[in-house]
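Asker: Next comes the sequence, and after it the predicted model I'd like to discuss.
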Amino acid sequence: MDSNCCKAPRRAVLFAMVTTDNMLLCSKKQTQQQQQYSKMECEWKPDELGLRQILQLLKESQSPDTSTQRSVQQRLEQLNQFPDFNNYLIFVLTKLKSEDEPTRSLSGLILKNNVKAHYQNFPNGVSDFIKNECLQNIGDSSPLIRATVGILITTIASKGELQNWPELLPKLCQLLDSEDYNTCEGAFGALQKICEDSAEILDSDMLDRPLNIMIPKFLQFFKHNSPKIRSHAIACVNQFIISRTQALMLHIDSFIENLFALATDEESEVRKNVCRALVMLLEVRLDRLLPHMHNIIEYMLLRTQDHDENVALEACEFWLTLAEQPVCKEVLCGHLSQLIPVLVNGMKYSEIDIILLKGDIEEDEAIPDNEQDIRPRFHRSRTVAQQHEGDGIEDDEDDDDELNDDDTISDWNLRKCSAAALDVLANVFRDDLLLHILPLLKELLFHPEWVVKESGILVLGAIAEGCMQGMIQYLPELIPHLILCLSDKKALVRSITCWTLSRYAHWVVSQPPDTYLKPLMEELLKRILDSNKRVQEAACSAFATLEEEACTELVPYLAFILDTLVFAFSKYQHKNLLILYDAIGTLADSVGHHLNKPEYIQMLMPPLIQKWNQLKDEDKDLFPLLECLSSVATALQSGFLPYCEPVYQRCVNLVQKTLAQAMLHQSQPDQYEAPDKDFMIVALDLLSGLAEGLGGTIEQLVARSNILTLMYQCMQDKMPEVRQSSFALLGDLTKACFQHVKSCIADFMPILGTNLNPELISVCNNATWAIGEIAVQMGPEMQPYISMVLHQLVEIINRPNTPKTLLENTAITIGRLGYVCPQEVAPMLQQFIRPWCSSLRNIRDNEEKDSAFRGICTMISVNPGGVVQDFIFFCDAVASWVNPKEDLRDMFYKILHGFKNQVGDENWNRFSDQFPMPLKERLATCYGV
């Protein structure tokens with residue numbers, strides 16, 4: 001036992017060890033404890049028996065056996081009731097040098113967890129004892145113990161203790177000057193962790209801005225003779241680049257100069273931190289790097305090829321960041337011939353990647369998935385959007401084509417970073433990049449070694465978006481070659497080929513279907529049934545992308561497609577099953593009512609309903625299945641009727657259960673866990689799908705359930721996504737069976753009004769859409785509610801940077817309100833007419849657009865002065881109609897001619913001379929003005 005630890009040794013009386021059940025029990029009352037702590041800071045000494053038992057516990061906790069670990073966990077939790085248990089833990093960490101390091105370190109990590117969870121309950125004596133021990137032992141001879149002490153210090157500091165531990169930072173900075181390497185390194189390690197965890201408070205007045213002293217101090221150590229210390233010093237300063245900390249900005253030139261001096265450091269950790277610093281400086285102080293940019297680019301080219309992959313990865317981030325800077329093209333164009341081969345080379349699988357990916361195992365379809373490998377799925381709540389000319393539904397969040405070819409290994413590696421860099425650079429340089437890529441591609445794509453060939457296919461996919469125009473001339477030759485690669489004997493080649501082909505799906509669909517679409521579809525469907533799970537996954541995802549692009553082009557092949565997807569149900573392991581649901585849901589979205597044929601329903605519904613019956617209410621696999629069923633129900637319409645009652649009932653039950661659980665948790669948080677509200681959100685969305693698909697036939701189900709009461713609660717939920725989905729359902733039920741919704745409108749409208757907050761875009765969007773649907777059904781009875789919503793809607797439509805979908809829905813709802821209550825809305829016409837017209841000129845002719853334009857015409861007849869200043873915008877919006885109904889065309893005609901007659905021919909000609917030629921011709925042809 002180390003006797004130096006205390007001035008006046010005194011046995012701790014706080015524990016009586018009861019050896020029979022191996023437990024520590026408190027022998028004194030809390031009040032006595034508290035009195036003793038105040039004078040015990042350095043008098044404390046452990047009870048030998050207690051110490052032995054705690055050591056025994058620490059040893060047991062390293063056992064691989066889970067039941068032993070569970071029992072240790074329980075005992076540790078019981079011990080936490082005794083404050084000086086923490087004294088034992090720090091004692092083992094810092095004083096018990098006879099013990100092995102893993103046990104001592106573990107003691108420190110358990111203490112760290114206690115600090116995280118209960119620090120505010122530590123008596124002063126205990127916390128002071130721990131702090132004191134930490135500072136005295138920061139220079140322990142063991143790197144592991146030093147690091148553990150550092151972690152403990154930063155955990156205490158991040159619990160708000162930087163203010164209550166004023167000596168900490170000065171003491172650590174003072175220890176940096178120690179002649180003893182261990183002390184200097186330990187203090188730097190702790191400072192680095194504090195800089196990482198508490199960067200914001202270090203730069204605040206609360207602590208008197210210690211960085212003004214710390215940053216110049218760190219810079220002195222950039223030239224230290226120990227690589228570990230140099231590395232710590234850069235890492236500390238790096239924490240303050242992105243936030244543009246004033247103390248660093250004052251020394252920015254000295255910082256950059258010191259970085260350059262370390263550029264060729266022999267220690268890879270130092271080079272890595274130099275690269276990281278330069279990447280961040282590129283974002284925040286490009287002005288200071290520009291004069292040196294040529295040399296920095298040359299340096300980063302070297303580092304991207306560093307033999308240490310961690311350094312190469314940090315350096316590769318530089319190209320990603322540079323691509324976002326306006327100067328990218330100018331500073332990089334002269335270096336492309338060197339850079340492109342480096343990035344392309346980085347896109348090859350390394351040997352370690354192939355081992356981790358089990359790249360040598362070709363057939364694994366029968367091996368069950370490891371549940372840990374299945375990423376948690378998050379449901380994206382339903383958002384109501386308008387259809388645009390020449391496309392399907394607008395989706396601003398469509399990021400499904402990101403490269404997910406090797407998601408089981410480290411999420412981010414040199415291969416992915418190189419591919420991402422090539423992708424963004426292709427978007428900057430467009431077809432100019434092909435000059436450097438095409439010669440490489442020829443060699444790669446036909447290379448005998450599969451690893452090289454595979455990287456070539458990845459390159460082809462990475463440049464698809466940016467270089468599409470320049471690639472078009474080569475695609476007639478390349479697409480058939482890629483379709484052949486889908487049956488390559490290497491699974492990793494087949495899987496990357498699926499992804500690359502999905503990147504060119506848009507072009508494939510634009511060609512005659514028999515040329516590329518049909519052969520591609522046939523091969524992809526074979527790959528969906530591949531014997532390798534990675535290929536199945538890649539093929540399913542690629543097929544979903546193809547479905548989105550091809551839409552109704554797929555209708556002739558539906559039987560063949562469904563045959564394959566349904567067969568995959570019996571073949572797939574857990575993880576790919578979840579992706580299969582997505583492919584089926586996307587198919588339903590893409591072909592819509594064409595799916596509503598008895599033979600298709602007979603193929604598709606039994607396996608889906610079988611899965612639906614197998615899954616318990618608390619199984620998260622319900623999420624993708626419910627999403628899939630929502631799309632299927634919407635597509636099948638009346639074809640879904642035989643299945644709708646049990647599905648509807650279960651959804652209502654899921655919502656009810658989740659709400660009940662949430663209420664229990666709110667009233668007794670200690671006894672009841674918070675529910676996972678995703679169950680409720682997905683259920684609300686499937687109910688929306690049912691209402692949309694079944695229309696009026698859902699009326700009886702709504703009449704027999706309490707869905708409106710539940711929806712009223714959901715509309716007031718704290719979680720935005722719950723409100724978002726409940727407003728979508730409200731809109732769909734309003735369209736399907738308004739007779740049931742009408743009696744609740746007085747309760748619903750104030751809630752809708754308070755949710756018109758554009759900070760929460762999707763919530764605001766769905767609330768806006770629902771108000772418009774309610775207006776159409778209410779007619780003039782909407783009048784009492786106009787004042788609850790109109791001002792917010794006008795504010796949203798005039799707000800800069802509002803997303804397109806929200807603008808369009810807001811414009812439609814304002815138009816609908818004006819249609820049913822023109823007297824209330826028309827007086828504000830001048831405040832919204834211009835953005836209103838601009839928002840609706842690009843959406844397709846449909847019922848929503850029709851009712852909105854009727855509203856605007858009605859408002860113009862009530863308040864013609866409101867449109868005069870912006871009449872050109874109205875003309876442009878009218879011209880956006882391809883085929884308006886007869887009576888709506890008459891309304892347009894009357895307004896256009898009325899305006900022309902009022903101003904006279906000469907003024908009208910002067911006015912219409914400002915029109916772009918297509919607009920002038922359109923109005924002349926369609927409306928004779």
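Answerer: Done, it's in. Given the structure is predicted, the values throughout are model-derived calculations rather than measurements.

Asker: what ranges of the protein fall below the confidence cut-off?
Answerer: 1-43, 161, 372-380, 387-410 (pLDDT under 70).

Asker: tell me the domain ranges of it?
Answerer: Split into domains by the TED database, the chain comes to 51-63+75-133, 774-928.

Asker: Between the two ends of the last one, how far is it?
Answerer: Distances were taken as C-alpha to C-alpha, to the nearest Å; on that basis the terminal residues of domain 774-928 are 36 Å apart.

Asker: try the shortest one
Answerer: This stretch, domain 51-63+75-133, spans 17 Å end to end (C-alpha to C-alpha).

Asker: Buried residues in the host helix or strand of V126, which are they?
Answerer: Taking DSSP states H and E as the criterion, V126 maps to helix 124-137. Neighbour-count burial for helix 124-137, counted by 16 or more other C-beta atoms under 10 Å, picks out 125-131, 133-135, 137. C-betas here are computed from N, CA, C, even on glycine.

Asker: Likewise for stretch 54-72?
Answerer: By 16+ other C-beta under 10 Å, the buried positions in stretch 54-72 come out as 54-55, 57-58, 61, 71-72.

Asker: picking up where we left off before, could you single out the nearest of the buried residues of helix 124-137 to E77?
Answerer: Among the buried residues of helix 124-137, V126 lies closest to E77 (C-beta to C-beta), at 17.6 Å.

Asker: Can you show me the helices along the stretch 51-200 of the chain?
Answerer: 66-79, 85-94, 101-118, 124-137, 143-156, 162-164, 168-175, 181-197, 199-202 (DSSP state H, counting those that start in this stretch).

Asker: How much space separates the closest residue in space to I156 that isn't next to it in sequence from A811?
Answerer: In space, not counting the residues next to it along the chain, I156 is nearest to V115; the distance is 5.7 Å by C-beta to C-beta, 6 or more residues apart in numbering. Distance, V115 to A811, using C-beta to C-beta, to the nearest Å: 55 Å.

Asker: Comparing those two, which residue is more hemmed in?
Answerer: In terms of neighbours (other C-beta atoms under 10 Å), A811 is the more surrounded of V115 and A811; the figures are 31 against 23.

Asker: How about the contacts made by the more buried one?
Answerer: Going by C-beta atoms under 8 Å, 6 or more residues apart in numbering, A811 touches 797, 835-836, 839-840, 852.

Asker: rerun that using 10 Å as the cut-off
Answerer: 386, 768, 772, 793, 796-797, 832, 835-841, 843, 848-849, 852, 855-856, 877 (C-beta atoms under 10 Å, 6 or more residues apart in numbering).

Asker: which stretch of helix or strand covers it?
Answerer: Element membership for A811 (DSSP H and E) is helix 804-820.

Asker: buried ones in that helix?
Answerer: For helix 804-820, by 16+ other C-beta under 10 Å, it's 805-820.

Asker: thinking again about what came up before, so the residue nearest to I156 sits against N80, correct?
Answerer: No: look at V115 against N80 with C-beta atoms under 10 Å: they stay out of range, at 11.3 Å.

Asker: Mutual contacts of these two, please.
Answerer: The contact lists of V115 and N80 share N86, where a contact means C-beta under 10 Å, 6+ apart.

Asker: what angle separates the helix holding V126 from helix 143-156?
Answerer: Interaxial angle, helix 124-137 versus helix 143-156 (axes from the mean of the first three to the mean of the last three C-alpha atoms, to 10 degrees): 140 degrees.

Asker: relative orientation of helix 124-137 and helix 101-118 in degrees?
Answerer: 140 degrees.

Asker: Just want the angle from helix 124-137 to helix 181-197.
Answerer: Interaxial angle of helix 124-137 relative to helix 181-197 (the same axes, to 10 degrees): 120 degrees.

Asker: Report all helices and strands that helix 124-137 contacts.
Answerer: Helices and strands touching helix 124-137, by 3 or more C-beta pairs under 10 Å, 6 or more residues apart in numbering; DSSP states H and E, are helix 30-37, strand 44-45, helix 85-94, helix 101-118, helix 143-156, helix 168-175, helix 181-197.

Asker: Out of the ones you listed, which one sits most buried?
Answerer: helix 85-94 (a mean of 24; mean count of other C-beta atoms under 10 Å).

Asker: Off-centre distance for that one?
Answerer: Mean-position distance between helix 85-94 and its chain equals 41 Å (C-alpha atoms, centre = their mean, to the nearest Å).
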